[in-house]
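J.: dropping a prediction and its sequence here:
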Amino acid sequence: MDTASQTTVRFRLSPQQRRAWALQAAQARPVHHAACVLVLEGALAEGVLRRAVERVAERHEILRTLFRPLPGTRMPVQTIQEGLPPAWTCLDGEGPPPDDAGAAGALLSRLEGEPVAYAEGPVFRAVLLPTTPGRHLLALDLPALSADAGTLCNLAGEVAAAYASLAAGEEIAAPEIQYGDVSEVFNDLLESEETRAGRKYWAAATPAARAARGEFVPRVAVRTLEPGLSARVRELAAALEAPVAAVPLAAWGLLLARTREATGVGVALDGRVYEGLDTALGAFARYLPLPTAARGTFREVVAATSAALAEHHEWQDYFDPLADLGDGAAYAFGFDWTELPPGREAAGVTFRLSDLRARTERFDLRLSCLEQGGVVRLVIEHDQGRVSPEEAERVAERFLVLLEDALRLPDAPAHDLELLPAAEHERVLALGRAPGGAPARGCIHEAFAAQAARTPDRAAVVCGGRSLTYAELDVGG
């Protein structure tokens, strides 16, 4: 499609978009994107649904925005197009996994590796997958330059509303706020002399950036909190007048501090602080550097985390991720919390947001919490070049153990909370037993020297990419 004649206006990239562009430019594959899957139940009119998705794109400029560098530059500008419908695909006849979660995950994985035509478009893609009679999955996908988790939640609601309006023959008014206008406000906030205090706040609060390391190859491990545990998370948050997200964030920070010597976490704030932005579409979220709170009781750690979140919320618009971090990161670890909207009925069809993946940053490990109807799903994303799938599974299990113990004993010292699952705890104890289960005899240094004599070249300690043999450690032997 020739879209050059359809260009209406250009805007500079927002600070969030500049960061996303720098991260994606360093990768060979389009890994930085935002995608969601809706479960549609009922007598779906596929033609009406396709028109509804197109109607939403007509309403929101960011869904029709391409990204083209100006002559002599590398950083693109937002180039808004008229008459650019989303890419639409219907996967008739393919055999998905029998459950919604498996089918949604497969659909998201399918979208991840597909190239994105940033300059030619369309960048907004929709994929419809019939599963059983009266049941469909609808995947919506955008690059990180165009969307974040909050936008995906709003987009799901917009599609349902447009479907209902089209079925009833009604019109939908254009939104009051377009992202291009907001992006200029974000840029002005980082350039104005009046906002220098905000920029100084982040200059003092942001540690030196870690350099990006090679290709980013993300993979996820998924867990679901038991309903009783989810309820206790909310109860503790309410007792402390803290946001619910502060409880799992506090536990996540403790786990990383104790097992990986982490000093902080990159925490996503939604960037929608002004009136009217709560329903807008675009790239608003930023991951802000938050030091880890690890002293005192777990209750005190949650309170400290909540206070730090509140302070960061006040200053979030003055954080420039590209200027402060380049294509690196403040911390190796991330956290975000998203409340998925409840399902809604539209013209006899129920639209329910089932799964969501918004990868707008790069971390070695990131915990994403998706809450819907009191159920919390944990998505632990890891960079396979830095963390193996087996280690990510251990991290997931340890987090669940630590969170459960913290909620059981919120007034216990945080450093005393249990974090090893029963099976791993037994393996650790077994290391101190002699063969056959008999107690080991002698002193530990004698046992180590004997082991070093038997296997001097075997790796005794492994940390990150380094290892030491028994012989190297047994320097006094």
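T.: Nice, thanks for sending it over.
J.: the helices in this protein, which residues?
T.: Applying DSSP state H to the chain gives helices spanning 15-25, 46-59, 100-112, 149-168, 179-191, 196-205, 227-239, 246-260, 298-315, 321-325, 389-408, 422-430, 444-454, 470-473.
J.: report the buried residues of the first one.
T.: By neighbour count on 16 or more other C-beta atoms under 10 Å, the buried set for helix 15-25 is P15, Q16, Q17, R18, R19, A20, W21, A22, L23, Q24. Glycine gets a C-beta too; all of them are placed from N, C-alpha and C.
J.: mind giving me the packing neighbours of that helix?
T.: Using 3 or more C-beta pairs under 8 Å, 6 or more residues apart in numbering; DSSP states H and E as the contact criterion, the secondary-structure elements in contact with helix 15-25 are helix 179-191, strand 286-291, helix 321-325.
J.: what about the second one, average pLDDT?
T.: Averaging the model's pLDDT scores along strand 286-291 yields 94.
J.: so what touches it?
T.: Applying C-beta atoms under 8 Å, 6 or more residues apart in numbering, the set of residues contacting strand 286-291 from outside is 15-16, 19, 205-207, 249, 253, 263-269, 271, 305, 308-309, 312, 316, 319, 321, 330-331, 334, 336, 360-361.
J.: just the buried residues of those.
T.: Neighbour counting by 16+ other C-beta under 10 Å classes 15-16, 19, 205-206, 249, 253, 263-269, 271, 305, 308-309, 312, 316, 319, 321, 330-331, 334, 336, 360-361 among the contacts of strand 286-291 as buried.
J.: any idea how many residues pack against the nearest residue to L400 once chain neighbours are set aside?
T.: With C-beta to C-beta, 6 or more residues apart in numbering as the measure, R223 is the residue that lies nearest to L400, at 6.3 Å, once sequence neighbours are left out. Here the count is done by other C-beta atoms under 10 Å, and R223 has 14 residues near it.
J.: residue contacts, the residue nearest to P218 when sequence neighbours are not counted?
T.: With C-beta to C-beta, 6+ apart as the measure, E381 is the residue that lies nearest to P218, at 5.3 Å, once sequence neighbours are left out. If you count contacts by C-beta under 8 Å, 6+ apart, E381 has them with P218, R219, V220, R359, F363, L365, R366, S368.
J.: quick check, the residue nearest to L400 in contact with L370.
T.: No - no contact is recorded between R223 and L370 when judged using C-beta atoms under 8 Å, the distance being 11.1 Å.
J.: so what's in contact with those two at the same time?
T.: In the contact map built from C-beta under 8 Å, 6+ apart, the residues linked to both R223 and L370 are R377.
J.: follow-up on the earlier one: which of the contacts of E381 sits closest to P133?
T.: V220 (30.3 Å; C-beta to C-beta).
J.: let me know the pLDDT of the closest one.
T.: Among the per-residue scores, V220 shows a pLDDT of 93.
J.: ok, it - contacts?
T.: Taking C-beta under 8 Å, 6+ apart as the criterion, V220 is in contact with R357, V379, I380, E381, H382.
J.: just the buried ones from those residues?
T.: Judged by neighbour count, with 16+ other C-beta under 10 Å as the criterion, the buried members of the contacts of V220 are R357, V379, I380, E381, H382.
J.: contacts only, for the first one.
T.: Neighbouring residues of R357 by C-beta under 8 Å, 6+ apart: H33, A34, A35, C36, L108, V220, S368, V379.
J.: wait, the third one sits on P143?
T.: Read it as A35. No - contact status for A35 versus P143: not in contact, 9.8 Å apart, counting by C-beta under 8 Å.
J.: where does the protein have low pLDDT?
T.: Judged by pLDDT under 70, the chain has its weakly predicted residues at 1-7, 93-101, 212, 324, 326-327, 428-442, 462-466, 476-477.
J.: and which of the contacts of V220 is nearest to A346?
T.: For A346, the closest of these turns out to be R357, at 23.9 Å, with distances computed as C-beta to C-beta.
J.: hmm, back to that, deepest-packed of the helices and strands packed on helix 15-25, please.
T.: Most buried of those by mean neighbour count (mean count of other C-beta atoms under 10 Å) is strand 286-291; its value is a mean of 22.
J.: partner strands of it, with direction?
T.: strand 264-269 (antiparallel) (DSSP bridges).
J.: now do the strand it pairs with against helix 298-315, angle only.
T.: 60 degrees (axes from the mean of the first three to the mean of the last three C-alpha atoms, to 10 degrees).
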